[in-house]
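**Student:** Give the three-dimensional model of this entry:
(one chain, ligands or ions: 2)
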Amino acid sequence: METADIGVTGLATMGRNLARNFAHHGYVVAVHNRSESKTKQLMADHSDEGAFLPASSMAEFVTSLRRPRRAIIMVQAGPATDAVIEELAAHMEPGDMIIDGGNAQFTDTRRREAALKERGLHFVGTGISGGEEGALNGPSIMPGGAAEAYRDLGPMLESIAAQVDGVPCCVHVGPDGAGHFVKMVHNGIEYSDMQLIAEAYDLLRQALGRSPAELAEIFREWNRGDLESYLIEITAEVLDHVDASGQPLVDVIVDQAEQKGTGRWTVTSALDLGVPVTGIAEAVFARALSGHPEQRDAARHLQGPNGTAPNYSLVEDVRLALYASKIIAYAQGFDQITAASEEYGWNIDRGAMATIWRGGCIIRARFLDRIRAAYEANPGLPTLLADPAFAEALSEAQQAWRRVVSTAAQIGVPTPGFSSALAYYDGLRRERLPAALIQGLRDYFGAHTYRRIDRDGTFHTDWSGDRTERPA
Ligand SMILES: NC(=O)C1=CN([C@@H]2O[C@H](COP(=O)(O)OP(=O)(O)OC[C@H]3O[C@@H](n4cnc5c(N)ncnc54)[C@H](OP(=O)(O)O)[C@@H]3O)[C@@H](O)[C@H]2O)C=CC1
Ligand SMILES: O=C(CO)[C@H](O)[C@H](O)COP(=O)(O)O
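**Tutor:** Ligands and ions are numbered 1, 2, ... in the order given. Below is the predicted model:
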């Protein structure tokens, strides 16, 4: 019996809802999970929503797929994904396709695709974002893999993806690991976005003594302007929520941010590529700092201000600082995509990435339309900061941004996201950087050489001898 159009194995939060989404769009969907209880639960709760073919074993699952077979894996990244790929591949035939929709490391995806290609199987590493609600009603989908595989699979994915202005939030990102790479950077930006929001909340709460409910109203107001986005919208929801104890939920949640790894992977890859993703790095490290209660206990008594800053314009200043820092975070993320695209030969269309992030995903925002327009106007844009609209926005925000960073420092509220974004902005726009001195020091202690502004070539100064310069 080969009747299912597509199959989903791994029926936890994402897989279950993705399978339902396919079924809602008229596809016959084979469903399977390692522990059969999840398959049974899906059938008990949702079998009336469309055509599902439940399978109790991997062999039965694969057999129920029509050829060429298309099976989506939605399980934990790492060894779990390898185990499921191996089990699936054992039952598949040349020409069949395995789609990994989890948050895999792009290097794993490259390895897996190469290995499966040798067995005649297509492997499509696909980023999927949107959480539970997105998976069900329309996620943002970032498929990598061969263009040939996308020709077959693309129409199905595009039909279940979020749609913005009639355009599906799904496009072929590029070959091999490109899809998972872009999803990784998406998550890195997600970390950065959330860190900036958290800093805005923390600063306004400390400086102005506003309650979570009052701050929720501020975020709601911000969501009507340039900052309009899913994360700002849900920030208002979370801040407004009073739990059963009668306290704002945000006050009873343990203040230690956890992480599954995609933010860390983004930073590690950025280090390898030499791209300064300072906003994402600060966000990852801020989570790490929060997760060391023993150090925080030991440091709690250290001297420093814990003051307020009654200031009528601070709310607007923070809004502008948040927007400016957000531009920096996205600019850095897109720089990383550019660098990887060049390094791995992926030929990623950055405007298309901004387009598919406009809906369905966690970082969806009004702002992404501006990024799409920036790359449309200038496909070779060296940095988003150079786009005239963003340059103007940064210029308008910068005085407020500087006041926010200095106010935060004066009253003792950590704002690594705002501060590092401002430092990046100032670093890029600086006529001369002190990197010249660093080069001089490197040459002094290690004869590492330097280049000159007035002559071609590399040079070394004989620091321990007569201090003359010679070509290196
Ligand atoms: N949750 C989210 O918001 C998002 C998640 N993702 C990614 O999507 C994927 C699925 O996420 P989510 O739905 O949250 O589920 P989880 O990441 O919690 O994974 C649970 C699923 O993995 C299966 N599994 C774990 N180990 C194995 C194994 N060794 N062999 C077979 N199956 C195994 C489980 O099966 P069993 O029931 O038998 O234990 C279960 O179906 C992950 O890669 C995640 O990073 C992507 C976007 C958003
Ligand atoms: O992929 C996602 C959204 O796009 C997940 O929500 C993300 O993995 C959450 O990451 P973390 O647990 O590290 O905060």
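
**Student:** For Ala12, what are phi and psi?
**Tutor:** When quoted as degrees, to the nearest 10, the phi and psi of Ala12 stand at phi -80, psi -150.

**Student:** give me the number of residues near it?
**Tutor:** Around Ala12 sit 14 other residues, with neighbours defined as other C-beta atoms under 10 Å. For glycine as for every other residue, the C-beta is placed from the backbone atoms N, C-alpha and C.

**Student:** Contacts (any at all) between ligand 2 and the strand or helix carrying Trp265?
**Tutor:** Assigned by DSSP states H and E, Trp265 belongs to helix 262-273. Yes - using C-beta under 6 Å from any ligand atom, helix 262-273 reaches ligand 2 at Thr262, Gly263.

**Student:** Quick check: buried residues in that helix?
**Tutor:** Thr262, Gly263, Arg264, Trp265, Thr266, Val267, Ser269, Ala270, Leu273 (16 or more other C-beta atoms under 10 Å).

**Student:** just checking, the fifth one touches Lys183?
**Tutor:** No - when contacts are counted by C-beta atoms under 8 Å, Thr266 is not listed as touching Lys183 (10.1 Å).

**Student:** Let me know the pLDDT of the closest residue in space to His448 that isn't next to it in sequence.
**Tutor:** Excluding the flanking residues, the one nearest His448 by C-beta to C-beta, 6 or more residues apart in numbering is Arg442, at 4.0 Å. You'll see Arg442 listed with a pLDDT of 98.

**Student:** likewise Pro310?
**Tutor:** 83.

**Student:** Any chance of the backbone angles for it?
**Tutor:** The phi/psi pair for Pro310 (degrees, to the nearest 10) reads phi -60, psi 120.

**Student:** Same check on Ser229?
**Tutor:** Dihedral pair for Ser229: phi -170, psi 160, per degrees, to the nearest 10.

**Student:** quick one, domains of this protein?
**Tutor:** What the TED database lists as the domains of the chain is 6-172, 183-429, 434-471.

**Student:** check which helix or strand covers Phe459.
**Tutor:** Secondary structure assignment for Phe459, by DSSP H and E: strand 458-461.

**Student:** contact partners of that strand?
**Tutor:** Under the criterion C-beta atoms under 8 Å, 6 or more residues apart in numbering, residues 443-444, 447, 449-452, 467-472 lie in contact with strand 458-461.

**Student:** Run through the neighbouring helices and strands of the longest strand seen in the chain.
**Tutor:** Looking across the chain with DSSP state E, the single longest strand is strand 122-129. Secondary-structure packing of strand 122-129 (3 or more C-beta pairs under 8 Å, 6 or more residues apart in numbering; DSSP states H and E): strand 97-100, helix 106-118, strand 140-143, helix 147-160, helix 178-208.

**Student:** The following helix or strand past that strand near ligand 1 anywhere?
**Tutor:** Per DSSP H and E, strand 122-129 leads on to helix 131-137 as the next helix or strand towards the C-terminus. Yes - between helix 131-137 and ligand 1, judged by C-beta under 6 Å from any ligand atom, the touching residues are Gly131.

**Student:** buried residues in helix 131-137?
**Tutor:** Gly131, Gly134, Ala135, Leu136.

**Student:** between the residues you listed, which is nearest Tyr201?
**Tutor:** Nearest to Tyr201 among the buried residues of helix 131-137, counting by C-beta to C-beta, is Gly131 at 20.9 Å.

**Student:** Report pLDDT for that closest one.
**Tutor:** Looking at Gly131, its pLDDT stands at 94.

**Student:** From Gly7, how far out is it?
**Tutor:** In this view, Gly131 and Gly7 are 22 Å apart by C-beta to C-beta, to the nearest Å.

**Student:** Next: Gln303.
**Tutor:** Going from Gln303 to Gly7 by C-beta to C-beta gives 61 Å.

**Student:** Look at the two and report which has more neighbours.
**Tutor:** Per other C-beta under 10 Å, whichever of Gln303 and Gly7 has more neighbours is Gly7, with 26 against 5.

**Student:** Which residue, other than its chain neighbours, is closest to the residue of the stretch 151-300 of the chain at minimum distance from ligand 1?
**Tutor:** Here the residue of the stretch 151-300 of the chain nearest ligand 1 is Lys260; by C-beta to the nearest ligand atom that distance is 6.2 Å. Ranked by C-beta to C-beta, 6+ apart and with sequence neighbours excluded, the top spatial neighbour of Lys260 is Asn103, at 7.2 Å.

**Student:** how about that neighbour, secondary structure?
**Tutor:** Under DSSP: H, G, I helix; E, B strand; the rest coil, the three-state class of Asn103 is coil.

**Student:** Tell me the residues on the stretch 1-150 of the chain that lie near ligand 2, please.
**Tutor:** Near ligand 2, when you scan the stretch 1-150 of the chain using C-beta under 6 Å from any ligand atom, you find Asn103, Ser129, Gly131.

**Student:** Using JSON lines, lay out the buried residues of helix 131-137 together with distance to Ile232.
**Tutor:** Output for the buried residues of helix 131-137, formatted as JSON lines (distance: C-beta to C-beta, whole Å):
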{"residue": "Gly131", "distance to Ile232": "16"}
{"residue": "Gly134", "distance to Ile232": "17"}
{"residue": "Ala135", "distance to Ile232": "22"}
{"residue": "Leu136", "distance to Ile232": "22"}
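
**Student:** what packs against the one helix or strand Ala216 maps to?
**Tutor:** Element membership of Ala216, judged by DSSP H and E, is helix 212-222. For helix 212-222, the packing partners by 3+ C-beta pairs under 8 Å, 6+ apart come out as helix 178-208, helix 230-240, helix 314-344.

**Student:** Nearest to ligand 2, out of those?
**Tutor:** Nearest to ligand 2 among the helices and strands packed on helix 212-222 is helix 178-208 (5.2 Å), distances taken as C-beta to the nearest ligand atom.

**Student:** what separates that closest one from the chain centre, distance-wise?
**Tutor:** How far helix 178-208 lies from its chain's middle: 9 Å, per C-alpha atoms, centre = their mean, to the nearest Å.

**Student:** Establish whether that helix and ligand 1 are in contact.
**Tutor:** No - Helix 178-208 lies apart from ligand 1 when judged by C-beta under 6 Å from any ligand atom; the minimum separation is 7.8 Å.

**Student:** before we move on, the earlier item: what two of the buried residues of helix 131-137 are the furthest from one another?
**Tutor:** Gly131 and Leu136 (9.4 Å).

**Student:** and the helix holding Trp265, what does it pack onto?
**Tutor:** Secondary-structure packing of helix 262-273 (3+ C-beta pairs under 8 Å, 6+ apart): helix 178-208, helix 278-290, helix 314-344.

**Student:** what's stretch 7-18 in contact with?
**Tutor:** 19, 22, 29-34, 38-39, 41-42, 46, 53, 55, 58, 61-62, 64-65, 69-75, 84, 88, 101-102, 128, 131-133, 135-136, 139, 160.

**Student:** same check, this time on stretch 267-275
**Tutor:** 106, 181, 184, 188, 276-277, 280-281, 284, 332, 335-336, 339-340, 343.

**Student:** how close does the closest residue to Phe22 other than its chain neighbours sit to Thr9?
**Tutor:** Spatial nearest neighbour of Phe22, chain neighbours left out: Val29 (4.7 Å); criterion: C-beta to C-beta, 6+ apart. Distance, Val29 to Thr9, by C-beta to C-beta: 11 Å.

**Student:** Could you do Val405 as well?
**Tutor:** Counting by C-beta to C-beta, the gap from Val405 to Thr9 is 48 Å.
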